[in-house]
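S.K.: fold the following for me, if possible:
(one chain, ligands or ions: 1)
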Amino acid sequence: MTIFLKKSFLAITLMILASSVNGQWTGPKTKPTALKEIKYGPISPAHRTDVDMVTFRNYGLGQFIHWGLYAIPGNEWEGVSARGGAAASEWIRSWGGTTAPKDWVKTYDNLYKEFNPKDFDAKRWAKQAKNMGAKYVIFTTKHHDGFAMWPTQYSNYNISKTPYKKDIVKEVVDAYTAEGIDVYLYFSILEWNNPDYMGKEPKTPKEKKKFNRFLQYTRNQLLELMQNYPQMKGFWFDGTWDQSWIKSYEFTYNLEKELREKHPGIIIGSRFRNDEYGKRHFDANGRMLGDYEQGWERKLPADISWLEGRDWDCVMTIPPNGWGYMKDWSGLYTKTTDDILDMLLYSASLSGNFVLNFGPDGQGNMHPEEDKIAKELGEWMKVNGEAVYGAHHAGMTNSKLGYFTKKEDNLYLTVFNRPINNSVRVSVPKIASEVPLTATLLANGQSLAVKHADIGLDLDKNTYYDVLIPNIFQTDRAFVIKMKVGSQVVKVEKLMDAKM
Ligand code: FHN
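M.R.: I've put the predicted structure just below:
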């Protein structure tokens, strides 16, 4: 049978991308041959089964929001774009070299004096996220520039000193919580404009003293966030690659313990800290340092074996890179709703959460393209969301047609590549205890015929089920076939083996 593929299959590209990181902490792991003595290893159990973790595991889709002072320049300043330089969007403060405006750092550090987002309405954002189908949001409380979006008592560089004045973190936490969306707080441990922040390993007694002050300050801010916003479900840490942080493994170990004690059920990913050997995400014995694998930033695992049963999330931008607001998207490939759906379903098929990033502008508006994608994604999720929420790896052989997910006795195939003969072939091992019994199209609730196809391939370990898609059903997006699976005695003819 010839199958013509209707749409490009993004996963193939993604697998190639992912395999390029082979060998790092995001790829398959080489197990240590001899185990080391580790004092600052994992704190939480390897596979948490408490209600908070199960909720995390079942989110499926999340929203990331990068918002801060960097939204004002939006990747350019006085007509000069930072796009050509190294620093972009939320990194724009570090713009240097010949293209950087004169006294740029000083200008940036004073931007807070004009931060007054007149259109900001947290309830509008939360409604949009809800309609998009997001079950959790990760919001930037403080990015690498050090500006706090809440009125922290530990630094003056915060929202209360802007013309806006009000506590943005509170507005976001309240609005999203009211919509039933769980809130996670993004927190970068870098702080470019803080004189106590090192950016390198503190060595001299003076440096150590200075950096200890910074560590205490970081601890205070984290405890303050947990205290101010007790509804928060977890922290999403960033910047922890810094040598000053890496060398502070005893401090960060104790801090993680303290955060967990003060906020039972809190979820912290693998990007928070390292062990005494400097191993990040995974300790020197290969054990994950946190509740889920947090290394999948703009990348995806090549296959389920890379994950070894761990929880994970993939955080993804719509433009190629750049998380904060970028005024000008022209000339860039920006992901389409179909691209995003492909990545979302791919992630769900490998039991991971997919988190889509939004970078609002300096007035508090999403980019028009983000609005469009949120709307289209939401329309799709309303009809097909059950293939994502609480649905996990199905243990099926990969299909060229799309991605399998599974929830109890429901098997979902999200079809991205519709076969030209309208017969969706599902292969099942001959020894499988469950096979597709019935099928429905989620798009319209229509029952679909399921035919067993014993195609008689010599030495084939699989048998096949063909689900027939009515020709009259047409769509310009991926669609979901929901199958009930159960046991059935399948008569597979034993043909005479070919002799060669
Ligand atoms: O440097 C940041 C970047 O600006 C952005 O916040 C992303 C989001 O995952 N994290 C960092 C890079 O890993």
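
S.K.: who touches the lengthiest helix in the chain?
M.R.: Using DSSP state H, we find that the single longest helix of the chain is helix 205-228. Residues from elsewhere that reach helix 205-228 (C-beta atoms under 8 Å, 6 or more residues apart in numbering): 141-142, 148, 150, 152-155, 169-170, 185, 187, 189, 191, 194-198, 202, 232, 235, 244, 248, 251, 255, 258-259, 262-263, 266. C-beta here means a position set from N, CA and C on the backbone, and glycine is covered the same way.

S.K.: in helices, which of the residues you listed fall?
M.R.: Short answer: these in helices (DSSP H) are 169-170, 244, 251, 255, 258-259, 262.

S.K.: quick one: distance of the longest helix of the chain to the chain centre.
M.R.: Mean-position distance between helix 205-228 and its chain equals 28 Å (C-alpha atoms, centre = their mean, to the nearest Å).

S.K.: so which residues of the stretch 51-200 of the chain form strands?
M.R.: Applying DSSP state E, counting those that start in this stretch to the stretch 51-200 of the chain gives strands spanning 61-65, 76-77, 80-81, 136-142, 182-188.

S.K.: partners of the second one in the sheet?
M.R.: Which is strand 76-77. The pairing partners recorded for strand 76-77 under DSSP bridges are strand 80-81 (antiparallel).

S.K.: likewise the last one?
M.R.: Paired neighbours of strand 182-188 in the sheet (DSSP bridges): strand 136-142 (parallel), strand 234-238 (parallel).

S.K.: the last one versus helix 205-228: what angle between them?
M.R.: By that I understand strand 234-238. 150 degrees (axes from the mean of the first three to the mean of the last three C-alpha atoms, to 10 degrees).

S.K.: and strand 234-238 with strand 61-65, angle?
M.R.: Angle between the axes of strand 234-238 and strand 61-65 is 60 degrees (criterion: the same axes, to 10 degrees).

S.K.: just confirm yes or no for strand 234-238 near the ligand.
M.R.: Yes: for strand 234-238, a contact with the ligand is found by C-beta under 6 Å from any ligand atom, at residue 238.

S.K.: alpha carbons of that strand, as PDB, please.
M.R.: Output of strand 234-238 as PDB, limited to C-alpha atoms (Å, rounded to 0.1, in the frame of the first residue of the first chain):
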ATOM      1  CA  GLY A 234       6.400  25.600  42.300                       C
ATOM      2  CA  PHE A 235       9.500  27.500  41.200                       C
ATOM      3  CA  TRP A 236      10.900  27.400  37.700                       C
ATOM      4  CA  PHE A 237      14.600  28.300  38.200                       C
ATOM      5  CA  ASP A 238      17.000  29.800  35.700                       C
END
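
S.K.: ok, residue 256 - how many residues close by?
M.R.: Residues lying near residue 256 (other C-beta atoms under 10 Å) number 22.

S.K.: all helices for the stretch 1-150 of the chain, in order.
M.R.: 10-19, 51-58, 104-109, 122-132 (DSSP state H, counting those that start in this stretch).

S.K.: the closest residue to the ligand within the stretch 401-500 of the chain: helix or strand, and which one exactly?
M.R.: Across the stretch 401-500 of the chain, no residue is closer to the ligand than residue 403, which sits at 23.8 Å (C-beta to the nearest ligand atom). Counting by DSSP states H and E, the element that carries residue 403 is strand 402-407.

S.K.: returning to that earlier point: most neighbours per residue, which of the strands of the stretch 51-200 of the chain?
M.R.: Among the strands of the stretch 51-200 of the chain, strand 136-142 has the highest mean neighbour count (mean count of other C-beta atoms under 10 Å), at a mean of 26.

S.K.: closest one of the ones in helices among the contacts of helix 205-228 to residue 107?
M.R.: Closest approach between those and residue 107, by C-beta to C-beta: residue 169, at 25.2 Å.
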